[in-house]
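Enquirer: pasting a predicted model and its sequence here:
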Amino acid sequence: MDSPPAKQRIPINVVVSEIRTLTPTIKAFVLHSTDGAALPAYTAGAHIRVQVILPGGDADERSYSLIDDSVGSECRSHYRIAVQLEANGKGGSPFMHGLKVGSQLNIRPPQNDFPLDETATHSVLIAGGIGITPILAMAYALQASGRSFEFHYGTRSPDLMAFRDAVETFRNVVLYFDGGDPRRGLQLESLLAHPADGKHVYVCGPRGLIDAVIATAKHHGWADDHVHFELFNSPAVQGGDTAFEVELRASGKTLQVPADKSILDVILAAGCDLMYDCKRGECGMCATAVLEGIPEHRDYNLPDDERAGGKVMCICVSRAKSPRLVLDL
Ligand code: FES
């Protein structure tokens with residue numbers, strides 16, 4: 001089912017009713033509506049967008065997966081999310097970690113861009129780090145409906161493993177602690193060695209894990225639509241990025257994109273109204289025609305031939321190989 005763009009959905013005011021520290025960098029939050037009303041339903045894999053205030057005072061939104069052990073599509077008395085403190089982030093996670101019980105927040109209603117495939121006969125669930133959040137919800141849903149699945153969850157060390165108690169209640173879970181050595185972590189070659197018609201794989205975690213799952217699945221012949229993923233972090237800005245110029249030909253504007261901002265955020269800050277949703281290069285809603293210049297693609301949405309053609313790009317995450325881009329905006 002298609003969801004409307006997040007920015008078009010009406011915010012809900014919620015209050016933080018519980019905060020738990022799960023690891024040195026991860027806190028879990030329980031949210032109730034401020035008026036006591038039931039919250040909109042969701043299914044496993046869904047997320048909410050939370051309005052955060054960044055250090056400079058600007059408001060922005062961050063997506064957090066919903067974790068729950070209840071099943072079905074009924075309305076919810078509360079939402080539960082978990083947030084990892086990102087030392088090099090833009091300030092969304094410090095805002096969340098600074099919340100107190102009783103703090104109020106504006107959120108967007110749940111949206112599911114990472115749903116379970118209802119036709120799957122077997123699901124392979126793979127989580128890395130804080131990527132456990134949607135994967136745990138999926139495990140609850142699959143277990144409750146009696147469907148076949150396996151569950152793999154890796155972190156660097158046991159003290160960094162959020163929700164370990166809950167995860168260990170699943171008899172089919174395998175935990176991995178790599179100690180910083182990927183060879184001791186998730187064994188993707190063996191996990192993905194045998195694709196089958198009804199078999200689907202779901203992965204959430206850092207970009208390196210998702211890229212490795214996609215590459216390994218491709219190598220073993222998995223169909224693209226049987227490999228589902230959700231990035232935990234936006235890949236928009238990386239170390240070593242540099243500034244470049246963007247001309248919006250139809251609008252007659254020329255903007256500078258600094259090393260630490262995405263094209264989309266710069267255009268929005270300039271007062272332009274654009275369609276976007278995930279801001280992680282997954283949904284394709286921000287895909288924009290490129291009139292001049294060479295894009296550096298960082299999305300997971302465009303097909304290989306469109307990426308190679310260089311005539312369209314997802315401006316929420318992709319950047320420029322050339323000093324200047326001209327976009328059809
Ligand atoms: S907003 Fe989803 S790909 Fe850009």
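Expert: Yep, that arrived. Just so you know, these numbers come straight off a predicted model, no measurement behind them.

Enquirer: all strands of the stretch 51-200 of the chain, in order?
Expert: 59-65, 79-84, 104-111, 122-128, 149-155, 173-177, 199-205 (DSSP state E, counting those that start in this stretch).

Enquirer: could you dump those strands into a markdown table and include mean neighbour count?
Expert: Just so you know, the C-beta spots here come from the backbone N, C-alpha and C atoms, and that holds for glycine as well. Below are the strands of the stretch 51-200 of the chain laid out as a markdown table (neighbours: other Cβ atoms under 10 Å):
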| stretch | mean neighbour count |
| --- | --- |
| strand 59-65 | 20 |
| strand 79-84 | 22 |
| strand 104-111 | 19 |
| strand 122-128 | 24 |
| strand 149-155 | 22 |
| strand 173-177 | 15 |
| strand 199-205 | 25 |
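
Enquirer: where does the prediction get shaky in the stretch 201-329 of the chain?
Expert: The stretch 201-329 of the chain contains residues with pLDDT under 70 at 232-237.

Enquirer: what does it have sitting close to the ligand?
Expert: 276-279, 281-286, 299, 301, 314, 316 (Cβ under 6 Å from any ligand atom).

Enquirer: make CSV out of those and add neighbour count.
Expert: Shown next, in CSV, are these (neighbours: other Cβ under 10 Å):
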residue, neighbour count
276, 20
277, 21
278, 26
279, 23
281, 26
282, 20
283, 22
284, 15
285, 16
286, 24
299, 25
301, 19
314, 30
316, 30
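
Enquirer: out of those, list just those in strands.
Expert: Among those, the ones falling in strands (DSSP state E) are residue 314.

Enquirer: list the contacts for residue 282?
Expert: 113, 230-231, 299-301 (Cβ atoms under 8 Å, 6 or more residues apart in numbering).

Enquirer: and the nearest residue to residue 51 once chain neighbours are set aside, bridged to which residues?
Expert: Using Cβ to Cβ, 6 or more residues apart in numbering and skipping the chain neighbours, the partner closest in space to residue 51 is residue 106 (4.3 Å). Taking DSSP bridges, one obtains residue 13 as the residues bridged to residue 106.

Enquirer: ok, the one 5 residues further on next?
Expert: When bridges are called by DSSP bridges, residue 111 pairs up with residue 47.

Enquirer: right, and it touches residue 45 too?
Expert: No: counting by Cβ atoms under 8 Å, residue 111 stays clear of residue 45, with 10.0 Å between them.

Enquirer: for the residue nearest to residue 326 when sequence neighbours are not counted, give its distance to the ligand.
Expert: If the residues on either side of it in the chain are set aside, residue 326 comes closest to residue 292, at 3.8 Å by Cβ to Cβ, 6+ apart. Taking Cβ to the nearest ligand atom, to the nearest Å as the measure, residue 292 falls 21 Å from the ligand.

Enquirer: what backbone torsions are found at the residue of the chain most remote from its centre?
Expert: Most distant residue from the mean C-alpha position of the chain: residue 252, 33.1 Å away (Cα atoms, centre = their mean). Residue 252 adopts backbone torsions of phi 70, psi 30, taken as degrees, to the nearest 10.

Enquirer: again with residue 46
Expert: phi -80, psi 160.

Enquirer: mind pulling up the pLDDT for it?
Expert: Reported pLDDT at residue 46 in the predicted model: 94.

Enquirer: what's near enough to touch it?
Expert: 65-66, 110-112, 114-115, 134, 137.

Enquirer: cool, and residue 25?
Expert: 84-85, 160.

Enquirer: for the ligand, what's the nearest residue on the stretch 51-200 of the chain?
Expert: residue 113 (8.6 Å; Cβ to the nearest ligand atom).

Enquirer: wait, isn't that residue in contact with residue 230?
Expert: Yes: at 7.0 Å, residue 113 counts as touching residue 230 under the criterion of Cβ under 8 Å.

Enquirer: more neighbours: which of those two?
Expert: Comparing residue 113 with residue 230 by other Cβ atoms under 10 Å, the one with more neighbours is residue 230, at 23 against 17.

Enquirer: what bridges to the more buried one?
Expert: Under the criterion used (DSSP bridges), residue 230 bridges to residue 204.

Enquirer: touching, residue 312 and residue 286? I think so.
Expert: No: with contact defined as Cβ under 8 Å, residue 312 does not reach residue 286; the gap is 10.5 Å.
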